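Chemist: what's the 3D shape of this:
(2 chains)
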Amino acid sequence: MRLLLIEDDTTLRETLAAKLADCGFAVEQAADGKEGLYFALEYPIDLAIVDLGLPEMSGLDIIRNVREQGKTYPILILTARDRWEDKVDGLEAGADDYVVKPFHVEEVTARVNALLRRTGGWASSTMTAGPVSLDMSRQELTVNDASIELTSFEYKIIEYLMVRAGQVISKTELTERLYDQDFERDSNVIEVFIGRLRKKIDPDNTIKPIETLRGRGYRFALERGPSG
Amino acid sequence: MSSLNARLLISVSVLLLFFFGVTIVVLDTAFRSAGEQAQADILDGHLMAILAAAEATDDGGLELPPDLQEPRFGAIGSGLYAELRGDAGEPVWRSRSALGIDIPVGEQPQSGVRLFLDEVLADGTPVLTLSLAVQWELPDGNYRPFVFKVAESLESFNAQVAQFRRQLFGWFAAVALIMLLSISLLLRHLLRPLRQIENEIGEIEQGERASLSGEFPTELTGVARNMNLLIDSERGRSERYRNTLDNLAHSLKTPLAAVRSLLDQEQAGKVAGKVNEQIDRMDEIVRYQLRKPANLQAKNLVLVHVPIAPEIDRLVAGLSKVYHDKSPHIEAAVDNGMEFRGDSGDFLEVAGNLLDNACKWCEKRVRVAVGYPDDGDGQSGLLLIVEDDGPGIPANAADALLQRGTRLDESTPGHGIGLAVVKEIAESYGGQLEISRSELGGAKFCVRIPSS
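Modeler: Next comes the predicted model:
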């Protein structure tokens, strides 16, 4: 999934971006408000992390702008100002959650995962659909309680599909959201990875977790539950 | 004497009393002496009439006709008496009116001189007497001394004087009263701008007005202008103070976050934990100091009325987003129109911290209620109650929780900063924070803020 990180402090931005990349996200970075707003409006983004105190344009203005343009992806605020006035202002402007500096990086990744699950309508930290269960915080996929070994790219695909269970996701969307910006894009690669995932999750072809809709894309087809 | 009004009224009263007193004495003396003079003239007239009516008898005495010209000499107890004595003091004649009345003999006049005396009759009646000693030429050619004496009761004269005094006092009292009344009315009129300034300052303190209106007489415009400048600078100061702290915190916390993000990388090693602890401490100190209520001298000038219901709504909406996964059921019982009078942001800070805590610890339910309970002396304070159905806080732990913040550097990081801030803000308004057990099962936080 593609995240946008807008933070003006270089060290913080880079270490945080590295950590998020470790967690399997493609991360766009912006160092000031204007650049951030451009990315936020023009790039395919699944979630934005916005620092409130930015040069050129304040985080609040970015959030308002993004929401006015009809973008609905979750927004996480990073703020050093932790008066409730500031937090409530941010949430009212359209943010979904906040993390107060100085935070632990794990706190940010946990909130990011929770917000992403939320966009797909998942309530708990573990998404379960039939025999398939995915724990975002541990990046672990289990089928019938047996852990499945996945490469990081395979994990990214199944996570993206599962968060949006029931929705049709095009190959273009998958390439856009899962590759880093400079990666060479080839939609055939997606087909290959989907094939591998099917084999790993469903070797006997009995569960049929991923459905192919010809010319439109893929869909995670299992019913949510029992607990999710 | 603190009131200008009282000062002026008292000074004017003293002056009036003095001038009116002198005037009364002068008028009274003048009236009295004029009256006495008139009285003496009348008495002299009576004496002359008697002298004229007296005739010598053959036996060397004098006699007067029974009916004198003045009828009052003939009426018993009329208040006008006359008598005639020989040079040895023996009575020769008395008017009928003097029947049964003993006119004192008194001092004997020199021959040919009129002697006026204030004397008292036996029954206590004050009289003015006029005595005249004459050498009367008898028919035999000899002269014999006689003393003529007329006396008139002063009762009616005194009554007149008393009447005059009563009237004098009455009129002057009325005039003084009218003067004082008109002066106090005039004062009200003159002091109205001062009273207006006082009222407007009161309104500013109540948060109902931003500055003095500036519609004052020339003498007061300077005062009003300086007052407005003071208010503005105080407001600016409180805002600058907050902004400075905000900026300081922001510019300090971002590097702290950067340091922490570096430490969170695996290769940071075992020092990382200790550095992290220090970062926590620094963070807590900054957060606590930042959220502590601003200690301003002219705090009253920057207070505003904060409507409570919308603030609670904002918090509930915001927290519903943040606790989306848990989605606690937040019941809010706040009447529209309720207001918190204080520094802007303080109410949000108190309610935000308590509600955030409640959402964090609750199972499913959070309840917030705001009321104006009667605080005993007819004034109503503000009571904010936030409760949840979580595990609750044991009484001894509650005390420890409330102690925190006052000894911030000894406290363990990560807990209770919010509550310490709530307590600190409540106390800055003379209020308090209480922790008890809720009927929902969890903790119940009550913040009481008395009306100022």
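Chemist: buried residues in the least confident helix or strand in chain B by mean pLDDT?
Modeler: Within chain B, no helix or strand scores below helix B:395-403, which has a mean of 73 by mean pLDDT, DSSP states H and E. Neighbour-count burial for helix B:395-403 flags B:398, B:401, B:402 (criterion: 16 or more other Cβ atoms under 10 Å in any protein chain shown). Glycine gets a C-beta too; all of them are placed from N, C-alpha and C.
Chemist: from those residues, which single one is nearest residue B:419?
Modeler: Taking Cβ to Cβ as the measure, residue B:401 is the one of those closest to residue B:419, at 5.6 Å.
Chemist: Tell me which residue lies farthest from the centre of chain B.
Modeler: Within chain B, residue B:140 marks the point farthest from the mean C-alpha position, 90.3 Å out by Cα atoms, centre = their mean.
Chemist: cool, chain A as well?
Modeler: Outermost in chain A, Cα atoms, centre = their mean: residue A:204 at 30.2 Å.
Chemist: give the contact list for residue B:356.
Modeler: B:319, B:418 (Cβ atoms under 8 Å, 6 or more residues apart in numbering or on different chains).
Chemist: Shouldn't it be within a helix?
Modeler: Yes. Counting by DSSP: H, G, I helix; E, B strand; the rest coil, residue B:356 is located in a helix.
Chemist: which stretch of helix or strand covers the residue of chain B found nearest chain A?
Modeler: Proximity of chain B to chain A (Cβ to the nearest Cβ) peaks at residue B:352, 3.2 Å away. Residue B:352 belongs to helix B:346-361 when assigned by DSSP states H and E.
Chemist: mind giving me the domain ranges of the chain?
Modeler: Went with chain A since none was named. Domains of chain A are assigned by automatic domain parsing as A:2-119, A:126-220.
Chemist: wrong one, chain B
Modeler: According to automatic domain parsing, the domains of chain B span B:4-160, B:303-449.
Chemist: what are the phi and psi angles of residue 79?
Modeler: Unless you meant another one, I'm taking chain A. Dihedral angles of residue A:79 (phi, psi; degrees, to the nearest 10) stand at phi -140, psi 140.
Chemist: The chain in question should be chain B.
Modeler: According to degrees, to the nearest 10, residue B:79 has phi 100, psi -10.
Chemist: residue contacts, it?
Modeler: For residue B:79, the contacting residues are B:72, B:97, B:152, B:153, B:155, B:156, by Cβ under 8 Å, 6+ apart.
Chemist: would JSON lines of those residues with pLDDT and secondary structure be doable?
Modeler: Below are these laid out as JSON lines (pLDDT from 0 to 100; DSSP: H, G, I helix; E, B strand; the rest coil):
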{"residue": "B:72", "pLDDT": "87", "secondary structure": "helix"}
{"residue": "B:97", "pLDDT": "87", "secondary structure": "helix"}
{"residue": "B:152", "pLDDT": "90", "secondary structure": "strand"}
{"residue": "B:153", "pLDDT": "89", "secondary structure": "strand"}
{"residue": "B:155", "pLDDT": "88", "secondary structure": "helix"}
{"residue": "B:156", "pLDDT": "87", "secondary structure": "helix"}
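Chemist: which of those residues lies closest to residue B:127?
Modeler: residue B:153 (5.5 Å).
Chemist: Without its sequence neighbours, what residue ends up closest to residue 53?
Modeler: Here I'm looking at chain A. Excluding the flanking residues, the one nearest residue A:53 by Cβ to Cβ, 6 or more residues apart in numbering or on different chains is residue B:250, at 5.1 Å.
Chemist: Chain B, not that one
Modeler: Nearest residue to residue B:53 in three dimensions, chain neighbours excluded: residue B:64, at 5.4 Å (Cβ to Cβ, 6+ apart).
Chemist: Lovely, talk soon.
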